[in-house]
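Student: What follows is a predicted protein model with its sequence.
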Amino acid sequence: MKIFKYRQQIQPSDKEAIADIIKSCGFFSDEEIDIAVELAEEKLAQPLESTYRFLFAEDENRVIGYTCYGLIPATSSSYDIYWIAVSNNLRGQGLGKLLMAETEKIIYQSGGRQIYVETSSRDQYKPTHKFYETCGYHQEAFLKNFYHEGDSKIIYTKVLK
């Protein structure tokens, strides 16, 4: 993997980069892609009020992966990771693990002690489950038929130390 740099400050051009990365995964519906972009739009429109935080991985000023995360309202140290995605042509090269580790470091430095991520139980998400487990997350909950019949929600957690 080439050397890349991290950036936390969101830019207007990131909306298109986020959409492109999410589309490239081939997992997400148009509605889910719209939601990913809406989180960026909220942060751009209300930079101080929005609770969404971003971390971008860039290679030669091109976004190649990102996370969107934030402190869970009404908690003191629990964070959600809403999105973690890497350009499809770079998947499997370790960028996602590096991005997750850097996100966890930022969360910890911000006072975060627990991280929650949720994903689908559908078979196409088995690599996602393995990714979270490899990053030290464990399954905390399984909510049967949460998204649709036969599509349950899995919640993974990690305690930061």
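Tutor: Looks like it arrived, so ask away. These numbers come from a predicted model, not from an experiment.

Student: switch to C-alpha atoms for all contacts and neighbour counts from now on
Tutor: Noted.

Student: what about the strands in the protein?
Tutor: 5-7, 53-59, 62-71, 78-86, 114-120, 138-148, 151-159 (DSSP state E).

Student: Note down every partner strand of the fifth one and its orientation.
Tutor: Strands adjacent to strand 114-120 in the sheet, as given by DSSP bridges, are strand 78-86 (parallel), strand 151-159 (antiparallel).

Student: Mind putting those into CSV with distance to Y108, mean pLDDT and mean neighbour count?
Tutor: Formatted as CSV, those follow (distance: least, C-alpha to C-alpha, whole Å; pLDDT from 0 to 100; neighbours: other C-alpha atoms under 10 Å):
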stretch, distance to Y108, mean pLDDT, mean neighbour count
strand 78-86, 10, 97, 21
strand 151-159, 10, 97, 19
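
Student: CSV for those, including distance to K43?
Tutor: CSV is the format used below for these (distance: least, C-alpha to C-alpha, whole Å):
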stretch, distance to K43
strand 78-86, 14
strand 151-159, 25
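
Student: Ok, which of those comes nearest Y66?
Tutor: Nearest to Y66 among the strands paired with strand 114-120 is strand 78-86; the distance by C-alpha to C-alpha comes to 5.7 Å.

Student: Please enumerate residues in contact with the closest one?
Tutor: 21-22, 25, 36, 64-72, 95-96, 100, 107, 112-118 (C-alpha atoms under 8 Å, 6 or more residues apart in numbering).

Student: From those residues, list the buried ones, please.
Tutor: Neighbour counting with 16 or more other C-alpha atoms under 10 Å marks 21-22, 36, 64-72, 95-96, 100, 107, 112-118 as buried within these.

Student: Out of the strands paired with strand 114-120, which is closest to G136?
Tutor: Closest approach to G136 among the strands paired with strand 114-120 (C-alpha to C-alpha): strand 151-159, 6.6 Å.
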